[in-house]
Each structure stands twice: as C-alpha cells, then as structure tokens.
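Participant: Output the structure for:
(one chain, ligands or ions: 1)
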Amino acid sequence: MATRRPVIAGNWKMYKTVSEAEDYAVKFLEEVKDVTEIDIILCAPFTALYPLKNELEESVVHLGAQNMSWADQGAYTGEISAQMLLDVACTYVILGHSERRELFGETDEEIGKKVQKSLTVGLTPILCVGENLNVREEGNAAEKVQAQVSRALSGLSTEELVRIVIAYEPIWAIGTGKTASSKDAQEMCAAIRTTLTGLMGVSAEIVPILYGGSVKAENIAELMTEPDVDGALVGGASLDPQSFAKLIHNAGSLGERVEGI
Ligand code: PEP
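Facilitator: Reported below is the predicted structural model:
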C-alpha cells in the first residue's frame, strides 16, 4: 500500500517584510502546531527565509522557496542556489510557477534543469503546470499540461520522480477569484497522473498532485474530496495566518488518502 499525505502549501509571492514574516510565523504556528495529518509548507520570499527558519525549525511547518537557479554557484547576478536554500532550512522549492513562466520567460527546459538540481541536493520540487484560458477554451488543456509535465521531468529516474510534488494551477484561476470546479480539477490531476504513470509506472500513485487557483477555506474541502486532488497550492489566502490555518483545518479533517499499488 502506498500513502499520499495531503499537502497544503502557501505561496506568499512578493509579499511580507522580515518583521511581517516573523509576526505571521508566531500566530500561524499557534493555530497549526497540533496538525499531524497534513504536510504544511510556507513558500516565502528569499529575504524572509532565514528569519522563518529561526521561528519554524523543528515545527510542523516546512519551509519552501519560490524559485531557484539550476546553477550551483558563480556569476549569476540575482540568482539563488539550491545550497543557499538548504542553508536556511528550506526543504521545498516551487519551480515553474506560471508567473515565472509568463512574466520572466522561463521555459520547460530551464524548469527541468531546476527540478533535476533540486532533487540532486535533496530539496523537494513543487513543479507547477497549468494552461491559460485560450488553451482551455480550445479544448487543449490536458494536452498542454501533460506536455509541460513530460518536458520538465524527462530523463529523471523513478527514484527521483517519487520525490516530487506537482501543482496543477490553471492560469485563469490564479488570483482571479475563479476556482476550477472540483470536477475539472480532478480531470486535470488525473490526466497528470496518467502522464506520470507513463514515466514511472505504478509509483505515480505516490506523487502528491495539488490544485492551485483561488483556493480558500470555503472551497478546500470540496476540492479535496476528489481522488486525485491531494492538496493545494494557495496564494492570496495564505497571507493571513488565521485564515490560512482555517483552510488547513478544513483540508486536514479529511485525513490521509491511501491508494493500493
Ligand atoms: C498561486 O500563487 O500559486 C495561487 C494559486 O494563487 P491564488 O491562490 O491567489 O490564486
């Protein structure tokens, strides 16, 4: 039997100073310190990671970054290396977020190199994929997302692939208040799992697949009832510690999902 634990990851994007992050950590930890049935991750701006390490180390809240270089070190002005993230106790890193793809021109090839690097050093990548509205309206959403997954993960071994997390985030639902229906989210997460099965066989059942796009405390429970939606990547609704904690409690009450493989 393989177990997929629910995962709820907050993506603060470019919000919060050091003092705001510290204040958040204290309030948030108070609310979630007893949550054991769910993996909680906070993906903060680089400048907040070190102070958050001090607040959250040894707690139930894991620390993640929002991007990372594929290079180890060197003349890469403005970049952050995997070792630097490990140094501040990060265990996760978001890679290929649609804002990185759309606003900063990241390609599947670069994202693939970053995924490989993260796995090599022992960070867990949260690989984001998702289609824009045009692609969805043309009926090509599954095909688009499956191609993103295949391109980013090509060449990885099954031993590496079992350590990844995938986030399906339709671009039209991010920060817009429009959430995919739970049926659409399930359909897309299942399509992603089919692609993973092609890459890694039955071990694909182990990989957590998250939904992201205007997830809130009010809609997480319905999304989590779907068999292939194993959690959420949450932007706007992760910025307030009490309401993000509420979202986590609403998701966590569903408990672990167990799949036979
Ligand atoms: C995100 O940033 O990954 C995201 C899903 O944002 P939001 O929850 O605000 O739509």
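Participant: quick one, helices of the protein?
Facilitator: Ranges of helices in the chain, per DSSP state H, are 18-32, 46-56, 82-87, 98-104, 108-121, 133-137, 141-153, 158-161, 182-200, 220-224, 241-252.
Participant: quick one: average confidence on the shortest one?
Facilitator: The reference is to helix 158-161. Averaging pLDDT along helix 158-161 gives 96.
Participant: Which positions within it qualify as buried?
Facilitator: Buried residues in helix 158-161, counting neighbours by 16 or more other CB atoms under 10 Å, are found at 160, 161. All C-beta atoms are positioned from the backbone trio N, CA, C, and that covers glycine.
Participant: Any figure for the gap between the closest residue to residue 62 other than its chain neighbours and the ligand?
Facilitator: Nearest non-adjacent residue to residue 62, counting by CB to CB, 6 or more residues apart in numbering: residue 41, 4.6 Å away. Using CB to the nearest ligand atom, to the nearest Å, residue 41 is found at 12 Å from the ligand.
Participant: Would you agree residue 160 is in contact with residue 118?
Facilitator: No: counting by CB atoms under 8 Å, residue 160 stays clear of residue 118, with 9.8 Å between them.
Participant: For the residue of the stretch 151-261 of the chain found nearest the ligand, give me its contacts.
Facilitator: For the stretch 151-261 of the chain and the ligand, the shortest gap (CB to the nearest ligand atom) falls at residue 235, measuring 2.2 Å. Residue 235 makes contacts with 10, 11, 13, 174, 175, 212, as judged by CB atoms under 8 Å, 6 or more residues apart in numbering.
Participant: Kindly report the same for residue 61.
Facilitator: Residues near residue 61 by CB under 8 Å, 6+ apart: 25, 28, 29, 32, 40, 41, 42.
Participant: Which strand residues bridge it?
Facilitator: residue 40 (DSSP bridges).
Participant: Ok, residue 125 next?
Facilitator: Beta-bridge partners recorded for residue 125 (DSSP bridges): residue 93.
Participant: Show me which of the contacts of residue 61 is closest to residue 194.
Facilitator: Checking the contacts of residue 61 against residue 194 by CB to CB gives residue 41 as the nearest, at 25.5 Å.
Participant: Got the confidence number for that closest one?
Facilitator: Residue 41 is assigned 98 on the pLDDT scale.
Participant: So the residue lying farthest from the centre of the chain versus residue 140, what's the distance?
Facilitator: Within the chain, the residue lying farthest from the chain centre (CA atoms, centre = their mean) is residue 75, at 28.5 Å. Computed as CB to CB, to the nearest Å, the residue 75 to residue 140 distance reads 40 Å.
Participant: Could you give the backbone dihedrals for residue 164?
Facilitator: Backbone torsions for residue 164, taken as degrees, to the nearest 10, come to phi -100, psi 160.
Participant: Do you know the pLDDT at it?
Facilitator: With respect to pLDDT, residue 164 scores 98.
Participant: how many neighbours does it have?
Facilitator: Neighbour count of residue 164, defined by other CB atoms under 10 Å: 24.
Participant: cool, the one 10 residues further on as well?
Facilitator: Using other CB under 10 Å as the criterion, residue 174 is surrounded by 21 other residues.
Participant: so how far is residue 89 from it?
Facilitator: Residue 174 sits 27 Å away from residue 89, taking CB to CB as the criterion.
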